[in-house]
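Asker: quick one, what's the 3D model for this:
(chains A and B)
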Amino acid sequence: MAAIEMKHIVKQYGDGFPAVNDVSLDIADGEFMILVGPSGCGKSTLLRMIVGLEDITSGDMVIGGKRVNDKAPRERNLSMVFQNYALYPHLSVFENIAFPLRLAKTPDAEVDRLVREAADVLELHEHLDRKPANLSGGQRQRVAMGRAIVRQAEAFLFDEPLSNLDAKLRGQMRTEISRLQRRLGITTVYVTHDQMEAMTLGDRVCVLRKGKIQQVASPRELYEQPVNLFVAGFIGSPPMNFLPATPQNGGLSTPFGTIKLDERRAAAVTGRDLLLVGIRPEYFEDASLVDEAKLPLGSLFRARVDVTEWLGDSQFAYIPYEAPDAIRNQLRDLSRELDAEELRTQAIVSIDSTSRIREGRDAEFWLDSRKVHVFDPTTGENLTRDAEAGAALTRMAAEDRVEQMEDAKSGSGGTTSVGAA
Amino acid sequence: MSRREKTWWWIAGVVILLYCLFPIAWIVSLSFKAPADIANQQFLPTTPTGENYSAILTGSASDLFMPALRNSFGICLIATFISCILSMFAAYAIARLDFPGKKLILSAALGVAIFPVISIVTPLFNLWRQIGLYDTWLGLIIPYLSLTLPLSIWTMSAFFREIPWEMEQAAQVDGATTWQAFRKVIVPLATPGVFTTAIIAFFIAWNDFAYGISLTSTSAARPVPAALGLFSGASQFEDPTGAIAAAAVIVTIPVVVLVLLFQRRIVAGLTNGAVKG
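Answerer: Numbering: from 1, shown residues only, chains lettered A, B, ... in the order given. Below is the predicted model of the structure:
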């Protein structure tokens, strides 16, 4: 186990294109760090530089206190799970898992013990004699993980390990990985383009865009205090809504009426002309279902609903709005960068599943203005970010992690026993 | 496929098969004919005889044939082995590494492969005589390598390209050196490719006539195709047709055996299950 430090890491390809540009990141010992971003943001390149499959153009890669820039992958003692698993098809599951031990010339008895231990953890017992070709996708995935955990590696590296599984299996493996990491307490770096995996797995998440770090923080901080438009749009599903806004005596005038701002936010936006206000879908509600006591905390507006989606536990409504051309182009560029294709300017609002709001009709909505963020449309900077509150959230996550690790070590697992008396 | 279509495919298949196999059947039939029977103007021998076979294996022609068979086997196996090993390394480098002159090597290999053998035989004959390689095994192995290597490199690099690079990277992360990754992961995965290449290379060497006839003079190194050309009848007025047919049948057997033996190995698809389904 070891901490990983990256200092001003740069990766330039032959044509001078910087795939990773001046990345500095400290990953604590035992921490679960997620590298996330849209395709082409350099997250996989960064991971491959940690493991040594990609040369580092400049900067320092320090693992466990030693600079490893010039070390071959096998000298770094890291284990990695590849996106397509990269199992050895000519070897049985047992030999696949044993491969790193065999290379290290481990005695046979020891190999047998360690492989069976790993197989226990991953429930691969009955498959040990089979060839990878005869396994299902989820089993192959577990074999790949078995090969990673069988030896005492300094850190685990995952390169989009779940992207080839179907949705249900992905959910299961996600919890499995999370449990495994807590139990083994090994530093883990996990690359994904799926913000859901990022949010659920990570102690901290590093959001990358075009080879540059945008923000490194706990999932909660990313969600509540995003540093810029990109992070705000990337984290959260359905994504945050961005509405054009102009400041107006202590509030913001938007297509959905005037939004009141508290003093701190109002001060941050004074003297500006055109702004973008970011509102998460769940800050909206069907006005008829809002508690009397909560009503004064937000503002009411009427709008025409285009489409509604009822999902049983929740409901989404799509509300189109008009935006100036400049803002419209800006938003289109952003959505394209986030691997989405937004065709029209519309707000997605989450309303209670019991709401009877109908498609094609006007309806009254309530907007919770306490948590909205205001962005500068040209730089994308979040003008109302509360750095203090954000840092507090990340600190809390770090404390949680330490506590969980200690729990795991003391062996008081988390399982609730039923009828144990 | 409709029934009608199926029937046509079957008919076409049988016709092609007959067309290909008829000459072989003819040779086999010829090899069982006695010298007087050769011109009997019918497909089957009047009275089948093993006389031709005994002539080349133990009788008058055995002095010519048996050493030639030994030479052919020895020379072709050695040439195949060396060409497989060399082309494995070359193809690996070509498939994996980006180095200047990669295109040049590949096109040069192709150039060598299509270069007419006959134009190089005479200079080689002179050179070999000067340096003492004339009429030796090595004197044939070297030109055979020039025939087999280019094709081996091409086929082998096609196979190597099919192997996902992640395999090797995974091995390196697991603690393997480049050589270990190559030997323990890449080579086993490339086995079908290696066998295919080996068989192609063996055929090329086995079938060569031009080098065999010009670079040898005695049974010290003369291969079978060249020896066949030197067969003579019992008298100068008699064609050694029967003996040649018998020898042709015998030299065909190893080729058939080889293909049958490795047929299952050649079937690709060993990489199944390596990566996502």
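Asker: can we go C-alpha only for contacts and neighbour counts from here?
Answerer: Noted.
Asker: for residue 44, what are its contacts?
Answerer: If you meant another chain, say so; for now it's chain A. A:S44 is in contact with A:159, A:191, counting by CA atoms under 8 Å, 6 or more residues apart in numbering or on different chains.
Asker: nope, chain B
Answerer: Residues in contact with B:L44, defined by CA under 8 Å, 6+ apart, are B:29-30.
Asker: the same query, at a cut-off of 10 Å, please.
Answerer: Residues near B:L44 by CA atoms under 10 Å, 6 or more residues apart in numbering or on different chains: B:25-26, B:28-30, B:32-33, B:37-38.
Asker: ditto for A:V189
Answerer: Per CA under 10 Å, 6+ apart, neighbours of A:V189: A:4, A:27, A:31-35, A:47, A:50, A:80, A:155-159, A:202, A:205.
Asker: where does the prediction get shaky in chain B?
Answerer: Within chain B, the segments meeting pLDDT under 70 span B:1, B:233-238, B:264-277.
Asker: now the helices for chain B?
Answerer: Assigned by DSSP state H, chain B shows helices spanning B:3-31, B:51-57, B:62-96, B:102-114, B:118-131, B:137-162, B:165-173, B:178-181, B:187-207, B:210-214, B:224-229, B:241-266.
Asker: got the ones you listed as TSV, with mean neighbour count and distance to chain A columns?
Answerer: Listed next are the helices of chain B as TSV, based on neighbours: other CA atoms under 10 Å in any protein chain shown; distance: least, CA to the nearest CA, whole Å:
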stretch	mean neighbour count	distance to chain A
helix B:3-31	13	33
helix B:51-57	20	44
helix B:62-96	20	14
helix B:102-114	14	18
helix B:118-131	13	43
helix B:137-162	22	13
helix B:165-173	22	5
helix B:178-181	16	9
helix B:187-207	21	7
helix B:210-214	20	40
helix B:224-229	22	39
helix B:241-266	17	13
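Asker: circling back: looking at the contacts of A:V189, which are in strands?
Answerer: Among those, the members falling in strands (DSSP state E) are A:4, A:27, A:32-35, A:80, A:155-159, A:205.
Asker: out of the helices of chain B, which is closest to A:R264?
Answerer: Closest to A:R264 of the helices of chain B is helix B:165-173 (CA to CA; 51.1 Å).
Asker: on that earlier part again, and chain B, which of the contacts of A:V189 reach it?
Answerer: The residues of these that also fall near chain B, by CA under 10 Å from any CA of the partner chain, are A:M80.
Asker: buried ones among the contacts of A:V189?
Answerer: Buried members of the contacts of A:V189, scored by 16 or more other CA atoms under 10 Å in any protein chain shown, are A:4, A:27, A:31-35, A:47, A:50, A:80, A:155-159, A:202, A:205.
Asker: show me the contacts for residue 105.
Answerer: Picked chain A for this. If a contact means CA under 10 Å, 6+ apart, then A:K105 has A:99, A:111 as its contacts.
Asker: my bad, the chain I had in mind was chain B
Answerer: B:90, B:94, B:111, B:150, B:153.
Asker: same question, B:F99
Answerer: Each residue near B:F99 by CA under 10 Å, 6+ apart is listed here: B:A93.
Asker: from chain A, how far off is it?
Answerer: Here the criterion is CA to the nearest CA, to the nearest Å. By it, B:F99 lies 13 Å from chain A.
Asker: gap between the residue nearest the centre of chain A and A:A408?
Answerer: Residue closest to the average C-alpha location in chain A (CA atoms, centre = their mean): A:A198, at 2.2 Å. As for A:A198, its distance to A:A408 is 22 Å (criterion: CA to CA, to the nearest Å).
Asker: check B:I253 too.
Answerer: Taken as CA to CA, the span from B:I253 to A:A408 is 68 Å.
Asker: A:V402 too?
Answerer: The spacing between A:V402 and A:A408, counted by CA to CA, is 10 Å.
Asker: shared neighbours of these two, anything?
Answerer: Common neighbours of A:V402 and A:A408 (criterion: CA under 10 Å, 6+ apart): A:182, A:185.
Asker: what's the helix or strand for A:A363?
Answerer: Using DSSP states H and E, A:A363 sits within strand A:362-368.
Asker: what packs against the helix or strand following that strand?
Answerer: Per DSSP H and E, the first helix or strand lying C-terminal to strand A:362-368 is strand A:373-375. With contacts taken as 3 or more CA pairs under 10 Å, 6 or more residues apart in numbering or on different chains; DSSP states H and E, strand A:373-375 sits against helix A:229-234, strand A:241-248, helix A:263-269, strand A:275-279.
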